[in-house]
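[1] The following block contains a protein sequence and its predicted model.
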Amino acid sequence: GTTSYIHARVAPLGSRLILVLADDRTREQRVETVRRDFVANVSHELKTPIGALNLLAEAVAEAKDDPEAVVRFSDRMHTESERLTRLVQQIIDLSRLQNDLLSDDATIIKVGELISEACEHSATDSEKKDIEIVTNVESELYIHGDRAQLHAAVSNLVENAVTYSPEGSRVTVSATHEGENIRITVADNGIGIPNDELDRIFERFYRVDPARARATGGTGLGLSIVKHVAASNGGTVEVWSEPGLGSSFTLVMPAYTQELDEEQQ
Ligand code: ADP
(Lines give C-alpha, C1' and ligand atoms only; values in the text may rest on other atoms or scores of the structure.)
Protein backbone atom coordinates (compact mmCIF):
# COMPACT_ATOMS: atom_id res chain seq x y z
CA GLY A 1 0.00 0.00 0.00
CA THR A 2 1.00 3.61 -0.19
CA THR A 3 1.87 5.68 2.81
CA SER A 4 1.08 9.33 2.62
CA TYR A 5 3.50 11.64 4.37
CA ILE A 6 1.65 14.68 3.24
CA HIS A 7 -0.68 16.32 5.71
CA ALA A 8 -2.87 19.29 5.30
CA ARG A 9 -3.39 21.99 7.86
CA VAL A 10 -6.40 24.22 7.55
CA ALA A 11 -5.89 27.59 9.19
CA PRO A 12 -8.84 29.97 9.53
CA LEU A 13 -7.87 33.52 8.63
CA GLY A 14 -10.72 35.96 8.80
CA SER A 15 -13.41 34.55 6.56
CA ARG A 16 -10.95 32.74 4.34
CA LEU A 17 -9.54 29.28 4.73
CA ILE A 18 -5.94 28.72 3.82
CA LEU A 19 -4.80 25.23 3.01
CA VAL A 20 -1.18 24.64 3.95
CA LEU A 21 0.43 21.58 2.45
CA ALA A 22 3.45 20.30 4.28
CA ASP A 23 5.67 17.41 3.33
CA ASP A 24 7.64 16.02 6.24
CA ARG A 25 9.81 13.70 4.25
CA THR A 26 13.39 14.62 3.62
CA ARG A 27 14.37 15.30 0.05
CA GLU A 28 16.29 12.00 -0.05
CA GLN A 29 13.23 10.03 1.04
CA ARG A 30 11.12 11.69 -1.62
CA VAL A 31 13.70 11.04 -4.32
CA GLU A 32 13.90 7.40 -3.23
CA THR A 33 10.11 6.98 -3.39
CA VAL A 34 9.98 8.52 -6.85
CA ARG A 35 12.79 6.25 -8.01
CA ARG A 36 11.10 3.11 -6.64
CA ASP A 37 7.76 4.00 -8.26
CA PHE A 38 9.51 4.74 -11.52
CA VAL A 39 11.35 1.41 -11.59
CA ALA A 40 8.11 -0.43 -10.80
CA ASN A 41 6.29 1.42 -13.58
CA VAL A 42 9.10 0.89 -16.06
CA SER A 43 9.10 -2.87 -15.46
CA HIS A 44 5.35 -2.97 -15.87
CA GLU A 45 5.40 -0.88 -19.06
CA LEU A 46 8.21 -2.94 -20.60
CA LYS A 47 6.41 -6.21 -19.94
CA THR A 48 3.46 -5.25 -22.15
CA PRO A 49 5.28 -5.00 -25.51
CA ILE A 50 7.69 -7.80 -24.62
CA GLY A 51 4.78 -10.08 -23.76
CA ALA A 52 3.04 -9.16 -27.01
CA LEU A 53 6.22 -9.89 -28.99
CA ASN A 54 6.51 -13.32 -27.38
CA LEU A 55 2.93 -14.23 -28.24
CA LEU A 56 3.31 -12.93 -31.78
CA ALA A 57 6.52 -14.90 -32.28
CA GLU A 58 4.67 -18.07 -31.27
CA ALA A 59 1.77 -17.16 -33.55
CA VAL A 60 4.14 -16.67 -36.51
CA ALA A 61 5.72 -20.07 -35.87
CA GLU A 62 2.30 -21.73 -35.78
CA ALA A 63 1.03 -19.90 -38.85
CA LYS A 64 3.95 -20.83 -41.09
CA ASP A 65 1.62 -22.46 -43.67
CA ASP A 66 -0.59 -19.38 -43.89
CA PRO A 67 1.44 -16.63 -45.60
CA GLU A 68 -1.22 -13.96 -45.02
CA ALA A 69 -1.27 -14.61 -41.29
CA VAL A 70 2.50 -14.52 -41.19
CA VAL A 71 2.46 -11.06 -42.79
CA ARG A 72 -0.22 -9.86 -40.38
CA PHE A 73 1.62 -11.12 -37.31
CA SER A 74 4.95 -9.76 -38.42
CA ASP A 75 3.38 -6.34 -39.06
CA ARG A 76 2.18 -6.36 -35.49
CA MET A 77 5.60 -7.45 -34.27
CA HIS A 78 7.00 -4.45 -36.07
CA THR A 79 4.51 -2.13 -34.35
CA GLU A 80 5.31 -3.59 -30.94
CA SER A 81 9.05 -3.35 -31.43
CA GLU A 82 8.69 0.29 -32.48
CA ARG A 83 6.75 0.95 -29.30
CA LEU A 84 9.46 -0.77 -27.30
CA THR A 85 12.16 1.29 -29.00
CA ARG A 86 10.32 4.55 -28.28
CA LEU A 87 9.67 3.54 -24.69
CA VAL A 88 13.32 2.68 -24.05
CA GLN A 89 14.49 5.90 -25.70
CA GLN A 90 12.11 7.99 -23.57
CA ILE A 91 13.16 6.20 -20.40
CA ILE A 92 16.79 6.97 -21.24
CA ASP A 93 15.94 10.64 -22.00
CA LEU A 94 14.08 10.98 -18.73
CA SER A 95 16.74 9.41 -16.54
CA ARG A 96 19.41 11.57 -18.20
CA LEU A 97 17.31 14.62 -17.43
CA GLN A 98 16.96 13.55 -13.82
CA ASN A 99 20.66 12.95 -13.42
CA ASP A 100 21.88 16.27 -14.72
CA LEU A 101 19.24 18.72 -13.69
CA LEU A 102 21.36 21.59 -14.87
CA SER A 103 22.46 20.98 -18.40
CA ASP A 104 25.99 21.98 -19.27
CA ASP A 105 25.44 21.67 -23.01
CA ALA A 106 23.71 25.02 -23.32
CA THR A 107 24.01 26.89 -26.60
CA ILE A 108 22.20 29.75 -28.28
CA ILE A 109 19.25 28.36 -30.20
CA LYS A 110 17.38 29.97 -33.05
CA VAL A 111 13.71 29.33 -32.22
CA GLY A 112 12.67 29.17 -35.90
CA GLU A 113 15.10 26.31 -36.53
CA LEU A 114 14.05 24.48 -33.38
CA ILE A 115 10.43 24.61 -34.52
CA SER A 116 11.01 23.56 -38.12
CA GLU A 117 13.09 20.59 -36.97
CA ALA A 118 10.37 19.56 -34.52
CA CYS A 119 7.71 19.77 -37.26
CA GLU A 120 9.97 17.77 -39.58
CA HIS A 121 10.10 15.09 -36.90
CA SER A 122 6.31 14.60 -37.15
CA ALA A 123 6.05 15.06 -40.93
CA THR A 124 5.42 11.39 -41.71
CA ASP A 125 2.70 11.05 -39.09
CA SER A 126 0.99 14.31 -40.02
CA GLU A 127 0.99 13.41 -43.74
CA LYS A 128 -0.51 10.04 -42.95
CA LYS A 129 -3.43 11.79 -41.23
CA ASP A 130 -3.60 14.64 -43.72
CA ILE A 131 -2.91 17.12 -40.91
CA GLU A 132 -1.47 20.45 -41.93
CA ILE A 133 1.16 21.86 -39.57
CA VAL A 134 1.17 25.65 -39.82
CA THR A 135 4.04 27.61 -38.31
CA ASN A 136 3.84 31.21 -37.26
CA VAL A 137 7.19 32.30 -35.85
CA GLU A 138 8.44 35.84 -35.26
CA SER A 139 11.89 36.42 -36.71
CA GLU A 140 15.05 36.76 -34.66
CA LEU A 141 13.93 34.82 -31.62
CA TYR A 142 16.66 33.19 -29.57
CA ILE A 143 16.74 31.09 -26.43
CA HIS A 144 19.63 29.62 -24.48
CA GLY A 145 19.59 25.96 -23.54
CA ASP A 146 20.36 22.35 -24.35
CA ARG A 147 19.54 21.91 -28.02
CA ALA A 148 18.88 18.16 -27.92
CA GLN A 149 16.64 18.46 -24.89
CA LEU A 150 14.64 21.35 -26.30
CA HIS A 151 14.30 19.55 -29.60
CA ALA A 152 12.87 16.54 -27.73
CA ALA A 153 10.45 18.80 -25.84
CA VAL A 154 9.04 20.67 -28.84
CA SER A 155 8.93 17.46 -30.91
CA ASN A 156 6.93 15.73 -28.19
CA LEU A 157 4.40 18.56 -28.16
CA VAL A 158 3.99 18.50 -31.95
CA GLU A 159 3.79 14.71 -31.96
CA ASN A 160 1.04 14.77 -29.32
CA ALA A 161 -0.89 17.45 -31.21
CA VAL A 162 -0.83 15.25 -34.34
CA THR A 163 -1.64 12.07 -32.41
CA TYR A 164 -4.64 13.49 -30.57
CA SER A 165 -6.15 15.35 -33.57
CA PRO A 166 -8.61 14.08 -36.16
CA GLU A 167 -7.67 13.48 -39.77
CA GLY A 168 -7.65 16.54 -41.97
CA SER A 169 -7.29 18.98 -39.08
CA ARG A 170 -4.66 21.62 -38.48
CA VAL A 171 -1.90 22.02 -35.91
CA THR A 172 -0.42 25.47 -35.33
CA VAL A 173 3.04 26.07 -33.92
CA SER A 174 3.79 29.67 -33.06
CA ALA A 175 6.50 31.61 -31.28
CA THR A 176 6.36 35.13 -29.93
CA HIS A 177 8.51 37.37 -27.79
CA GLU A 178 6.53 38.63 -24.80
CA GLY A 179 8.30 40.66 -22.15
CA GLU A 180 11.35 38.72 -21.09
CA ASN A 181 10.09 35.43 -22.45
CA ILE A 182 9.75 33.52 -25.67
CA ARG A 183 6.46 31.65 -25.86
CA ILE A 184 6.43 28.59 -28.08
CA THR A 185 2.86 27.36 -28.48
CA VAL A 186 1.62 24.16 -30.10
CA ALA A 187 -2.14 24.29 -30.62
CA ASP A 188 -4.48 21.67 -32.02
CA ASN A 189 -8.19 21.15 -32.65
CA GLY A 190 -8.10 17.64 -31.29
CA ILE A 191 -9.90 15.64 -28.65
CA GLY A 192 -8.83 17.86 -25.75
CA ILE A 193 -8.21 16.92 -22.13
CA PRO A 194 -10.75 16.91 -19.28
CA ASN A 195 -10.06 19.82 -16.90
CA ASP A 196 -9.66 17.66 -13.84
CA GLU A 197 -6.87 15.70 -15.51
CA LEU A 198 -4.84 18.68 -16.68
CA ASP A 199 -2.48 18.60 -13.72
CA ARG A 200 -1.93 14.85 -14.00
CA ILE A 201 -0.89 14.57 -17.64
CA PHE A 202 2.65 15.71 -16.80
CA GLU A 203 3.15 12.73 -14.48
CA ARG A 204 5.23 9.86 -15.75
CA PHE A 205 3.19 7.14 -17.45
CA TYR A 206 -0.07 9.03 -16.93
CA ARG A 207 -2.49 8.70 -19.84
CA VAL A 208 -5.98 10.11 -20.00
CA ASP A 209 -7.25 7.12 -21.92
CA PRO A 210 -4.85 4.17 -21.55
CA ALA A 211 -6.67 2.08 -24.14
CA ARG A 212 -6.46 4.80 -26.76
CA ALA A 213 -2.86 5.56 -25.83
CA ARG A 214 -1.99 1.90 -26.38
CA ALA A 215 -3.59 2.02 -29.82
CA THR A 216 -1.64 5.16 -30.75
CA GLY A 217 1.61 3.81 -29.32
CA GLY A 218 1.72 6.44 -26.56
CA THR A 219 4.11 5.83 -23.69
CA GLY A 220 2.81 8.37 -21.19
CA LEU A 221 6.32 9.79 -20.86
CA GLY A 222 6.29 12.57 -23.44
CA LEU A 223 4.88 15.35 -21.28
CA SER A 224 6.99 14.46 -18.26
CA ILE A 225 10.00 14.88 -20.53
CA VAL A 226 8.64 18.26 -21.68
CA LYS A 227 8.19 19.36 -18.08
CA HIS A 228 11.70 18.29 -17.06
CA VAL A 229 13.28 19.94 -20.09
CA ALA A 230 11.51 23.20 -19.34
CA ALA A 231 12.59 23.12 -15.71
CA SER A 232 16.21 22.26 -16.36
CA ASN A 233 16.49 25.01 -18.99
CA GLY A 234 14.96 27.77 -16.89
CA GLY A 235 11.46 27.66 -18.38
CA THR A 236 7.94 26.48 -17.63
CA VAL A 237 5.05 24.79 -19.46
CA GLU A 238 1.48 26.04 -19.66
CA VAL A 239 -1.51 24.10 -20.88
CA TRP A 240 -4.99 25.06 -21.96
CA SER A 241 -7.52 22.52 -23.11
CA GLU A 242 -11.20 22.05 -23.70
CA PRO A 243 -12.57 18.56 -24.44
CA GLY A 244 -13.88 18.43 -27.98
CA LEU A 245 -12.28 21.76 -28.93
CA GLY A 246 -8.59 21.14 -28.64
CA SER A 247 -5.50 21.80 -26.62
CA SER A 248 -2.62 24.19 -26.57
CA PHE A 249 0.70 23.73 -24.82
CA THR A 250 3.11 26.63 -24.34
CA LEU A 251 6.77 26.32 -23.54
CA VAL A 252 7.79 29.58 -21.85
CA MET A 253 11.55 30.15 -22.02
CA PRO A 254 13.62 33.19 -21.04
CA ALA A 255 14.46 35.13 -24.21
CA TYR A 256 18.13 35.22 -25.07
CA THR A 257 19.27 38.73 -25.82
CA GLN A 258 22.60 40.26 -26.73
CA GLU A 259 22.58 42.41 -23.57
CA LEU A 260 22.23 39.32 -21.44
CA ASP A 261 25.28 37.86 -23.09
CA GLU A 262 27.36 40.99 -22.48
CA GLU A 263 26.23 41.13 -18.86
CA GLN A 264 27.42 37.60 -18.31
CA GLN A 265 30.86 38.22 -19.73
P1 ADP B 1 1.62 9.79 -24.55
O2 ADP B 1 2.85 9.08 -24.99
O3 ADP B 1 0.56 8.86 -24.04
O4 ADP B 1 1.11 10.77 -25.56
P5 ADP B 1 2.27 12.11 -22.92
O6 ADP B 1 2.99 12.19 -21.61
O7 ADP B 1 2.88 12.82 -24.07
O8 ADP B 1 2.09 10.57 -23.22
O9 ADP B 1 0.80 12.62 -22.70
C10 ADP B 1 0.06 12.14 -21.59
C11 ADP B 1 -1.43 12.08 -21.92
O12 ADP B 1 -1.93 13.42 -22.09
C13 ADP B 1 -1.73 11.38 -23.24
O14 ADP B 1 -1.87 10.00 -23.06
C15 ADP B 1 -3.04 12.04 -23.65
O16 ADP B 1 -4.10 11.42 -22.96
C17 ADP B 1 -2.91 13.46 -23.11
N18 ADP B 1 -2.47 14.42 -24.14
C19 ADP B 1 -1.23 14.90 -24.36
N20 ADP B 1 -1.19 15.79 -25.37
C21 ADP B 1 -2.47 15.90 -25.81
C22 ADP B 1 -3.11 16.68 -26.83
N23 ADP B 1 -2.43 17.53 -27.62
N24 ADP B 1 -4.46 16.52 -26.99
C25 ADP B 1 -5.15 15.69 -26.21
N26 ADP B 1 -4.61 14.92 -25.23
C27 ADP B 1 -3.29 15.03 -25.03
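    Looks like it arrived, so ask away. The structure presented is a predicted model; accordingly, all values stated were derived computationally and were not measured.
[2] Could I get the phi/psi values of the most far-flung residue of the chain relative to its centre?
    In the chain, counting by C-alpha atoms, centre = their mean, Asp65 sits farthest out from the average C-alpha position, at 42.7 Å. Dihedral pair for Asp65: phi -90, psi 0, per degrees, to the nearest 10.
[3] ok, now Val208?
    According to degrees, to the nearest 10, Val208 has phi -60, psi -40.
[4] Tell me if I'm right that it and Asn195 touch.
    No: shown here, Val208 and Asn195 do not form a contact pair, counting by C-beta atoms under 8 Å, at 11.4 Å. (Glycine included, C-beta is placed from N, CA and C.)
[5] which of those two has more neighbours?
    For Val208 versus Asn195, neighbours defined as other C-beta atoms under 10 Å are more numerous around Val208 (18 against 10).
[6] which residues does the more buried one contact?
    Counting by C-beta atoms under 8 Å, 6 or more residues apart in numbering, Val208 makes contact with 193-194, 197, 201.
[7] What distance do you get for it to Ser247?
    11 Å (C-beta to C-beta, to the nearest Å).
[8] Common neighbours of the two, please.
    Shared contacts of Val208 and Ser247 (C-beta under 8 Å, 6+ apart): Ile193.
[9] State the mean pLDDT of stretch 62-78.
    In this model, stretch 62-78 has a mean pLDDT of 93.
[10] do stretch 234-248 as well
    Averaging pLDDT along stretch 234-248 gives 95.
[11] neighbouring contacts of that stretch?
    Taking contacts as C-beta under 8 Å, 6+ apart, the residues outside stretch 234-248 that touch it are 144-145, 161, 164-165, 185-195, 198, 201-202, 226-227, 230, 249-254.
[12] out of those residues, which are inside helices?
    Using DSSP state H, the members of the contacts of stretch 234-248 that fall within helices are 161, 226-227, 230.
[13] As a markdown table, the residues you listed with pLDDT, neighbour count and distance to the ligand would be great.
    Putting the ones in helices among the contacts of stretch 234-248 into a markdown table (pLDDT from 0 to 100; neighbours: other C-beta atoms under 10 Å; distance: C-beta to the nearest ligand atom, whole Å) gives the following:
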| residue | pLDDT | neighbour count | distance to the ligand |
| --- | --- | --- | --- |
| Ala161 | 97 | 27 | 5 |
| Val226 | 95 | 26 | 7 |
| Lys227 | 93 | 20 | 9 |
| Ala230 | 94 | 22 | 13 |
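[14] ok, back up a step: can you name the two of the contacts of Val208 that sit furthest apart?
    Pairwise distances among the contacts of Val208 were taken by C-beta to C-beta; the largest, 9.9 Å, belongs to Pro194 and Ile201.
[15] Of these two, give the one with the bigger neighbour count.
    When Pro194 and Ile201 are compared on other C-beta under 10 Å, the one with more neighbours turns out to be Ile201, at 22 against 13.
[16] Work out for me the element the nearest residue to that one once chain neighbours are set aside sits within.
    Nearest in space to Ile201, with sequence neighbours left out and distances taken as C-beta to C-beta, 6 or more residues apart in numbering, is Leu223 at 5.4 Å. For Leu223, the enclosing helix or strand under DSSP states H and E is helix 222-232.
[17] Quick check: buried residues in the next helix or strand after that helix?
    Secondary structure here is assigned by DSSP H and E; on that basis, the next helix or strand after helix 222-232 toward the C-terminus is strand 236-242. Of all the residues in strand 236-242, those buried under the rule 16 or more other C-beta atoms under 10 Å are 237, 239, 241.
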